[in-house]
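*Asks:* fold the following and give me the result.
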Amino acid sequence: MSFLSRRDFLGGLVAAGTVAALPAAALTAFEPLYPPMDLSYFDTPISAAPADLKFGYASITWGGNDRQAIDDISALGFPGIQLRSDVLKEFPNPTELRDLLQQHHLTMVALSSGTVSVESPEDAEIAKHAANAKYAHDAGSLYLQVIDAKPKRGVTAGDYKTLGRRITEIGKRSADLGVKLGYHNHMESMGQSPEEVDRVLDASDPRYVKLELDIAHYLQGGGDPVKAIQKYRDRLLFMHIKDVESIPKEQSSRGRDFRFVELGHGRVDVPATFKALHEVGFRGWAVVELDAVPDPSRSPKDAALISKNYLHDRLGFAI
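*Replies:* Numbers count the residues shown, from 1 in each chain. Alright, predicted model coming up:
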């Protein structure tokens, strides 16, 4: 009552008397849609939440032996896993994969859906990745990852428009299933350099296409992962935590002058990356990835343990 003026109070009495005199059928029009509630909570802006990271590990290191990857990643204590679309051959029934991951207490962070071509028929490209999105949903995956296939004829400005349109449509189909789409920046793709990553993202709808930032690919492509985190802080979906070293081309089976290595063994400033993620308040998954074991004397599990120990001993993360 202390919040009401005399005029408001008397006006309320008159209104109440008027309503009471109405027929019962007419009263339904005055019934509140929702019960009264205190809305003062919304007068205070919600403050930004602190950063919160969960760690996963990518199965690519196991070269298609996904059952062994699931066993090893679970045994190492990682709560999440990323799988590639090759897993569809081993587990044509997504429910079987979902149940196996649950038994191993693993969250399927993402399904790598493969490349999106700007040269293949558009309907076929979209249908392929939409089908993978459906599988990802049924298997319990949070996200779908796509990269692009760089045309051998050279890249034109129109190619970026085509790619943006295609991944946006894939993102819409994926979103309809509750699976978010992440574009993976990658060497030897249309999104290799920072400027090229900008062009891909500018050509796509940010509502449906997020950035899955790979810090090693971004560094090797000529960029600074810390600046990328700051720039795309509102578009980051999840992270690929990775390291890379420079090598003579003759040492590479693919003619590259670089090689991906375990965390702490390369040129990526991994501590600065996590500091940047903390500063922007990133809350989500950081998936550690290693394409292949650089030292043939080690197993994929050995390599994963090296990266896990780096995260724990060097950076203080509890996996």
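
*Asks:* give me the number of residues near residue 256?
*Replies:* Burial measure for residue 256: 16 neighbouring residues, criterion other C-beta atoms under 10 Å. The way it works is simple: take the backbone N, C-alpha and C, and place the C-beta from them, glycine included.

*Asks:* wait, isn't it in contact with residue 249?
*Replies:* Yes - in this structure residue 256 lies within contact range of residue 249 using C-beta atoms under 8 Å: 6.6 Å.

*Asks:* residues contacting residue 207?
*Replies:* residue 171 (C-beta atoms under 8 Å, 6 or more residues apart in numbering).

*Asks:* this protein: helices as residue ranges?
*Replies:* Along the chain, the segments classed as helices by DSSP state H run 6-20, 24-27, 66-75, 87-90, 94-103, 122-139, 157-176, 194-203, 215-220, 225-231, 270-279, 300-309.

*Asks:* surely residue 112 touches residue 82?
*Replies:* Yes - because the distance of 6.6 Å satisfies C-beta under 8 Å, residue 112 is recorded as touching residue 82.

*Asks:* common neighbours of the two, please.
*Replies:* Residues touching both residue 112 and residue 82 (C-beta under 8 Å, 6+ apart): 60, 145.

*Asks:* got a markdown table for the helices of the chain, with mean neighbour count, mean pLDDT and distance to residue 286 too?
*Replies:* Converted to a markdown table, the helices of the chain look like this (neighbours: other C-beta atoms under 10 Å; pLDDT from 0 to 100; distance: least, C-beta to C-beta, whole Å):
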| stretch | mean neighbour count | mean pLDDT | distance to residue 286 |
| --- | --- | --- | --- |
| helix 6-20 | 10 | 46 | 55 |
| helix 24-27 | 8 | 46 | 57 |
| helix 66-75 | 19 | 98 | 14 |
| helix 87-90 | 15 | 96 | 21 |
| helix 94-103 | 16 | 98 | 18 |
| helix 122-139 | 19 | 98 | 19 |
| helix 157-176 | 19 | 98 | 21 |
| helix 194-203 | 18 | 98 | 19 |
| helix 215-220 | 26 | 98 | 10 |
| helix 225-231 | 19 | 98 | 11 |
| helix 270-279 | 18 | 98 | 8 |
| helix 300-309 | 19 | 98 | 11 |
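
*Asks:* just put the ones you listed in JSON lines and tack on distance to residue 318.
*Replies:* Conversion of the helices of the chain to JSON lines gives the following (distance: least, C-beta to C-beta, whole Å):
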{"stretch": "helix 6-20", "distance to residue 318": "57"}
{"stretch": "helix 24-27", "distance to residue 318": "60"}
{"stretch": "helix 66-75", "distance to residue 318": "16"}
{"stretch": "helix 87-90", "distance to residue 318": "28"}
{"stretch": "helix 94-103", "distance to residue 318": "21"}
{"stretch": "helix 122-139", "distance to residue 318": "27"}
{"stretch": "helix 157-176", "distance to residue 318": "32"}
{"stretch": "helix 194-203", "distance to residue 318": "32"}
{"stretch": "helix 215-220", "distance to residue 318": "21"}
{"stretch": "helix 225-231", "distance to residue 318": "22"}
{"stretch": "helix 270-279", "distance to residue 318": "14"}
{"stretch": "helix 300-309", "distance to residue 318": "10"}
